[in-house]
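Chemist: I'd like to go over a predicted model; first the sequence, then the structure.
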Amino acid sequence: MRLEDIAVHLRRRSAWEALDLGHAMLHAWAPRVYRAWFATYWPAGIVILLLLWPWPEYAMFVLWWMKPVFDRVLLHVFSRSVFGNQVCVRELLRELPGLLRGPGVLSGLSLRRFSLARSLLLPVWQLEELRAAEARARFRLLGRRCRDHAVWLTVFCANMSSILLVSMLITLPALVPGEGLDLSLWEWFGDEPSGMRHLFGILMFMVAETVVEPLYVASGFSLYLNRRSELEAWDIELAFRRLAERRSTTVGAVPLLALLPLALGLALSLPAPLRAQESAQPTHMPSASEQSDLAHRAAREAIDAVLADPVFGQVTEDWRWRWREQPAADDHPERDWLKALVRAIEFLAEVLRALLWIVAGLALAMVILLVVRYRENLGSERARVAPEFLCGLDLRPASLPADIAAAAHAALARGATIEALSLLYRGALVALIDDCQIEFAAGDSENDCRRRVAGRLPEAAEKCFVEVIDAWCQAAYAHVPVSVKQVEALVATWGRHFAARVVRP
């Protein structure tokens, strides 16, 4: 690392200024940063989406969990650019296996995945290549004065990403003409989200991360650079190096022989009494040790004079609210009530702060309790048991005949129209549960069944199911006679769409 090649102006900055510097770095190097991002994040996201196509609800979670891996690509580009090196996509892809094998990859995806200061910790793993105890000690040293700022950076970027995602989910479907894209916000929380809705949501999530994540990595890296410059005095070292280069250049440009006429002219220009006085002075010259002692004494006096200044070295950060103008101390008894009021307010603030921590602890304990109680339902879908009774109808396999269509014809021959419709309705429900894997709840009504089946069957089969429900409701609930020809037509249509789907024990 050569500090002379650094492309950032090194000076003392506060942590908030360092975060703003990250925005300037992203603005300056945006083309190369986004080329690397689109060459890695988006192809990987599309591959993950295709692999998890049967389970689209997990694709967004996997993309979110893998963000520390893609952050390494962004940090690689920023760390090269800050020293004037450009990284092309071909070179990045060639160095990608080394980035994925570096220190901290497994820790960043497991133990420290939920660390709110992850943007400050990543350079320690990737750039300094520290491990275990050395890395933890480095984390503590770097985070001593700027960890809170890294935490606020994470909170800000997480909220910005969520706001962008929700805004696009609300706005973009509203801009689509016609009714071809039914993606209203309420539909996102439905029981049976469609594949189009999942695909659109994942793409919008990737767009939001494309906007926010480079800024997150750039600001965390600038915070890391500012902290290292503060600890190792990079700005002072760089200033001394430039002074040394300037001095060497100046000395090399003026030859020693060119100084001889100047010295001779100065000697001749001195007045005669002064030259006589100098010649009369003793010719004793101090030794090298005496000159060193004199220089050391003078330096010590200068240092003591600087340290005597009460302002020197006093850098404090106070996060408490204070009055802008502190009133002078006085002995007026009429202001004692004001002091008592201030003490009461401070006591109330401490009580509220303690209550806040207690509420936060209770909330955390509640979350942990819920996770422990329902841990078997996390990560995998719970196997659901098909209801034995639905809409008051018996759906147990033993209650249905082997040939439902033939039994319905026999019931029609006896004049039992309701019994025939009941057989068709129950047989269709059993076929939908066993063959189509449609989940019905025990308390579903006919309208609920119709809503759950909507869009899950071919158009002809869905139409047949709706006609069976309408005929059943007309005959069983409204007590309106249904013609035999209509029931026979339903039996014939039912046989084409549902007879082969009924699974018998």
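Modeler: Noted; the coordinates are in hand. Source: prediction; values computed, not measured.
Chemist: How is the protein partitioned into domains?
Modeler: Listed by automatic domain parsing, the domain ranges of the chain are 3-237, 389-501.
Chemist: quick check, residue 86 in a helix?
Modeler: No. Counting by DSSP: H, G, I helix; E, B strand; the rest coil, residue 86 is not part of a helix but coil.
Chemist: give the contact list for it.
Modeler: By C-beta atoms under 8 Å, 6 or more residues apart in numbering, the contact list for residue 86 reads 32, 80. Glycine gets a C-beta too; all of them are placed from N, C-alpha and C.
Chemist: just so I know, which of the domains of the chain lies nearest residue 359?
Modeler: Smallest distance to residue 359 across the domains of the chain (C-beta to C-beta): 18.8 Å, for domain 3-237.
Chemist: what about the residue nearest the centre of the chain, which helix or strand?
Modeler: The centre of the chain sits closest to residue 158, judged by C-alpha atoms, centre = their mean, with a distance of 5.0 Å. Assigned by DSSP states H and E, residue 158 belongs to helix 147-175.
Chemist: again with residue 138
Modeler: According to DSSP H and E, residue 138 maps onto helix 132-142.
Chemist: Please name every helix or strand in contact with that helix.
Modeler: With contacts taken as 3 or more C-beta pairs under 8 Å, 6 or more residues apart in numbering; DSSP states H and E, helix 132-142 sits against helix 118-126, helix 195-232.
Chemist: Per-residue pLDDT of residue 35, please?
Modeler: With respect to pLDDT, residue 35 scores 92.
Chemist: cool, and the one 5 residues further on?
Modeler: Model confidence at residue 40, expressed as pLDDT, equals 92.
Chemist: what about it, how many neighbours?
Modeler: For residue 40, the neighbour count with other C-beta atoms under 10 Å is 20.
Chemist: pretty sure it is touching residue 71, no?
Modeler: No. Contact criterion C-beta atoms under 8 Å: residue 40 and residue 71 do not qualify, at 10.7 Å.
Chemist: Give me the angle between the helix holding residue 138 and helix 195-232.
Modeler: If you take axes from the mean of the first three to the mean of the last three C-alpha atoms, to 10 degrees, helix 132-142 sits at 80 degrees to helix 195-232.
Chemist: Can you list the buried residues in helix 132-142?
Modeler: 135, 138-139, 142 (16 or more other C-beta atoms under 10 Å).
Chemist: again, but for stretch 66-86
Modeler: Within stretch 66-86, the residues that count as buried by 16+ other C-beta under 10 Å are 66-82.
Chemist: My read is that residue 153 contacts residue 219, right?
Modeler: Yes. Using C-beta under 8 Å, residue 153 makes contact with residue 219 at a distance of 5.4 Å.
Chemist: residues shared between the contacts of these two?
Modeler: Overlap of the contact sets of residue 153 and residue 219 (by C-beta under 8 Å, 6+ apart) consists of 19, 119.
Chemist: give me the low-pLDDT residue ranges for the protein?
Modeler: Within the chain, the ranges that satisfy pLDDT under 70 run 1-5, 176-195, 233-289, 307, 309-316, 323-337, 375-386, 500-505.
Chemist: got the residue ranges for the strands in it?
Modeler: 389-390, 393-394 (DSSP state E).
Chemist: Just say which of the ones you listed is most tucked in.
Modeler: A comparison of those by mean neighbour count, using mean count of other C-beta atoms under 10 Å, puts strand 389-390 on top with a mean of 17.
Chemist: other SSEs contacting that strand?
Modeler: Partner elements for strand 389-390 (3+ C-beta pairs under 8 Å, 6+ apart): none found.
Chemist: And the closest residue to residue 440 other than its chain neighbours, how close does it get to residue 454?
Modeler: Leaving aside its chain neighbours, residue 440 sits nearest to residue 390 (5.7 Å; criterion: C-beta to C-beta, 6 or more residues apart in numbering). As judged by C-beta to C-beta, to the nearest Å, residue 390 and residue 454 stand 17 Å apart.
Chemist: ditto for residue 126
Modeler: From residue 126 over to residue 454 the distance is 51 Å, taken as C-beta to C-beta.
Chemist: The two: which is more packed in?
Modeler: Using other C-beta under 10 Å, the more surrounded residue of residue 126 and residue 454 is residue 126, with 21 against 12.
Chemist: Pretty sure the more buried one sits against residue 98.
Modeler: No. Using C-beta under 8 Å, residue 126 is not in contact with residue 98; the gap is 10.3 Å.
Chemist: check contacts around the nearest residue to residue 49 once chain neighbours are set aside.
Modeler: Counting by C-beta to C-beta, 6+ apart, residue 59 is the residue found nearest to residue 49 once chain neighbours are left out, at 5.0 Å. By C-beta under 8 Å, 6+ apart, the residues touching residue 59 are 48-49, 52, 198, 202.
Chemist: Kindly recompute the last result at 7 Å.
Modeler: Listed by C-beta atoms under 7 Å, 6 or more residues apart in numbering, the contact set of residue 59 reads 48-49, 52, 202.
Chemist: now, which of those sits nearest residue 306?
Modeler: Checking the contacts of residue 59 against residue 306 by C-beta to C-beta gives residue 48 as the nearest, at 59.3 Å.
Chemist: Report how many residues lie close to the closest one.
Modeler: Count around residue 48 with other C-beta under 10 Å applied: 17.
Chemist: separation between it and residue 26?
Modeler: Going from residue 48 to residue 26 by C-beta to C-beta gives 25 Å.
Chemist: Next: residue 391.
Modeler: Per C-beta to C-beta, residue 391 is found 59 Å from residue 26.
Chemist: May I have the phi/psi pair for residue 110?
Modeler: phi -130, psi -90 (degrees, to the nearest 10).
Chemist: And for it, the neighbour number?
Modeler: So residue 110, with other C-beta under 10 Å, has 10 neighbours.
Chemist: which residues sit in contact with it?
Modeler: With C-beta under 7 Å, 6+ apart, residue 110 has no contacts at all.
Chemist: For residue 62, see how far away it is.
Modeler: 14 Å.
Chemist: show me where the stretch 351-500 of the chain has helices.
Modeler: Under the criterion DSSP state H, counting those that start in this stretch, the stretch 351-500 of the chain contains helices at 404-413, 417-434, 446-453, 459-476, 484-497.
Chemist: Between helix 417-434 and the last one, find me the angle.
Modeler: To tie it back to what came earlier, the one meant is helix 484-497. Per the same axes, to 10 degrees, the angle that helix 484-497 makes with helix 417-434 is 20 degrees.
Chemist: List the contacts of helix 484-497.
Modeler: With contact meaning C-beta under 7 Å, 6+ apart, helix 484-497 is reached by 405, 408-409, 412, 417, 420-421, 424, 428, 460-461, 464, 467-468, 471.
Chemist: do you know how far the closest residue in space to residue 123 that isn't next to it in sequence is from residue 111?
Modeler: Leaving aside its sequence neighbours, residue 123 sits nearest to residue 224 (C-beta to C-beta, 6+ apart; 4.4 Å). Separation of residue 224 from residue 111 (C-beta to C-beta): 20 Å.
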